[in-house]
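Colleague: One predicted model, sequence on top.
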Amino acid sequence: MIQAPKPDATTGEAVIDCDLKELYYGSFKAVRDTRIPIRKGEVTAFIGPSGCGKSTVLRCLNRMNDLIRGFRFEGHVQFRGNDIYHPGVDPVAVRRHIGMVFQQPNPFAMSIYKNITYGLRINGYRGNYDEIVEKALRGAALWDEVKDKLRQSGLSLSGGQQQRLCIARAIAVEPQVLLMDEPCSALDPIATRKVEELMTELKKKYTIAIVTHNMQQAQRVADQTAFLYVDTSQGERTGHLVEMGKTEQIFEDPQAEQTRQYISGEFS
Amino acid sequence: MNEVLQGPETRQDIEALLPGETSILQLQRSLRKPRVLLSIFLSLLVTVLTVFALVPLFSVIFMLFYRGGSNLSASNFWSLPPAPFEEGGGFGNALVGTLVMVGVAGLISVPFGILAAVFLAELGPNSRTATVVRFCAKVLSGFPSILAGVFAYGAVVMLMGGFSAWAGGVALSILMLPIVMLTAEEAIRMVPSKMREASIGMGATHTQTVIRILLPTAMPSILTGVMLAIARAAGETAPLLFTALFSNYWVVTNNQLDLHQPTASMAVLIYNFSGVPFENQVQLCWSASLVLVLMVLVVNLAGKSFSVRTPQR
């Protein structure tokens, strides 16, 4: 049995400290023994086979799992030192600081402009929307493509543009952390490349955590990589962290045998 | 169709084919094969039965245009119903009465229907309450309309002491409510869950998600449901017989809408005039029928046009 290594807190400041001892959906134990610190100003990638709990862990970080019936866990998720699962914490407020981009591009059925300002409007922000819209769209490298059609429906864009619109929508409210759940899996290689370049740009301002199936993508964009694997030994499919470290170290000098086999494609 | 395909291939060519190769002759369409014949027969059968099914609808519409269209005049729309042996006249008050009562019914059923739908689709889709409410709504949508009239008679007419447009509106709203509720629930459920997630993920509360994302996205389909409900209510006669009765006068007098009087409606006018021996009234009955059918048709088409614009993705 391989023990999850203790997180190394010496480099960088952990914005989110996620420690999931046991996580259940109803009676199904989905994740165990997973401790992942998300460091400030870095891209942290979660890799691993399907069903290993990558998305589950990511969705714990802004309490999206609250929407799922029967979800509970033991452990803690701290955001800048505060437990976000404390009974006094409002999950809605958490999500305003920790934004999320989903696997499928999911713009609202409204204009591009209104998509971007949605987060501002629900927060009751009154101010110069035009400026923020331009800034967010520039930030998501979409401004030049849509600046003349801001009143068109967000659904009229191509898949890659829709995904960048969703990123723009997320950064318009200036979150501190951006969670991305396989943001490129529904995109073609060109659109994927654009989103990856964008991530490298975005990490100057935001801390990013990304789930990906694509190991080359993790190598291209991530500073830290966490490898999760699924344990079927007790008859259940329980995901757990195998090892976490700097991306180069994980890919060039993996400490655990499972990691080595996974990244060399010996099993999938 | 069954001519022999011309090609370079002959019998010898087929025999000379290598295993795994297919000749064009083997792909030829043949009318002698039983499954081809069965397919043609069933296609014809389906077409013929479809045409038969449309015969009643088109013959009714044809009769209405033929009998009702010939004498329809503009003055019908702003005249009061004629007395026996009186010439001219119209169904103006009945038209206004129908619009007013359907309007009242809509004002009652649409808010309740949509709010109930939000509960069914969002707040407690699997709760016991939702199961019971959904079951009741389905029963209510097949509810005999005359019983809606009897209920409104007991609940409104007896209470208010007379027949009125209010009572008619309440009776019609009972028929509209389940249609609005069930179509709106379906419409809200049809909003892709990824939009719901996106909104929650942006830090929106449940209320904000419902008001700003779910309802606007579902609105075209909800309006279709409302239009279908209006079309149904506009054509109902039975619930109005006990509640609004009929009137030979306008529902608007001296520029004031009086909802506390017996009120005329197209459906009851048709009912009243269809069995009388007076030629002019019977003629008016045909014209009114045509107008009512066209009204329902227009409302249905309007409803369809909303749903066409529903974003598909």
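Modeller: Nice, thanks for sending it over. Numbering: from 1, shown residues only, chains lettered A, B, ... in the order given.
Colleague: got a pLDDT number for the closest residue to chain B within the stretch 51-200 of chain A?
Modeller: In the stretch 51-200 of chain A, the residue that lies nearest chain B is A:R96 (3.3 Å; Cβ to the nearest Cβ). The C-beta positions use only the backbone N, C-alpha and C, and glycine is treated the same way. Note on A:R96: pLDDT of 89.
Colleague: do the same with A:A9
Modeller: On pLDDT, A:A9 comes in at 44.
Colleague: what do you get for A:T238?
Modeller: A:T238 is assigned a predicted lDDT (pLDDT) of 88.
Colleague: So what pairs up with the nearest residue to A:Y262 once chain neighbours are set aside in the strands?
Modeller: In this structure, A:Y262 finds its nearest non-sequential neighbour in A:F227, 6.6 Å apart by Cβ to Cβ, 6 or more residues apart in numbering or on different chains. Applying DSSP bridges to A:F227 gives these bridge partners: A:I47, A:E243.
Colleague: isn't A:F227 right next to A:E243, touching?
Modeller: Yes. Here A:F227 reaches A:E243: they are 5.5 Å apart, a contact under Cβ atoms under 8 Å.
Colleague: where does the residue nearest the centre of chain B land on pLDDT?
Modeller: Residue closest to the average C-alpha location in chain B (Cα atoms, centre = their mean): B:L228, at 3.3 Å. At B:L228, the pLDDT value in this model is 90.
Colleague: Let me see the ranges of the helices in chain B.
Modeller: Secondary structure of chain B (DSSP state H): helices at B:11-15, B:34-63, B:69, B:92-118, B:128-141, B:145-152, B:158-160, B:165-190, B:193-201, B:206-208, B:215-234, B:238-241, B:266-274, B:279-308.
Colleague: And for the residue in chain B that chain A sits nearest to, the neighbour number?
Modeller: Closest approach between chain B and chain A, counting by Cβ to the nearest Cβ: B:G203, at 3.3 Å. If you count neighbours by other Cβ atoms under 10 Å in any protein chain shown, B:G203 ends up with 24.
Colleague: and what of B:M219?
Modeller: If we define neighbours as other Cβ under 10 Å, then B:M219 has 19 of them.
Colleague: what do you get for A:T232?
Modeller: Residues near A:T232, counting by other Cβ under 10 Å, number 10.
Colleague: any weak-confidence spans in the stretch 201-313 of chain B?
Modeller: Residues of the stretch 201-313 of chain B meeting the criterion pLDDT under 70: B:308-313.
Colleague: hmm, try it at 80
Modeller: Scanning the stretch 201-313 of chain B for pLDDT under 80 picks out the ranges B:253-255, B:306-313.
Colleague: can the helices of chain B go into a markdown table with extra columns for distance to A:T34?
Modeller: A markdown table is the format used below for these (distance: least, Cβ to Cβ, whole Å):
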| stretch | distance to A:T34 |
| --- | --- |
| helix B:11-15 | 67 |
| helix B:34-63 | 59 |
| helix B:69 | 76 |
| helix B:92-118 | 37 |
| helix B:128-141 | 36 |
| helix B:145-152 | 59 |
| helix B:158-160 | 65 |
| helix B:165-190 | 34 |
| helix B:193-201 | 22 |
| helix B:206-208 | 29 |
| helix B:215-234 | 36 |
| helix B:238-241 | 63 |
| helix B:266-274 | 67 |
| helix B:279-308 | 46 |
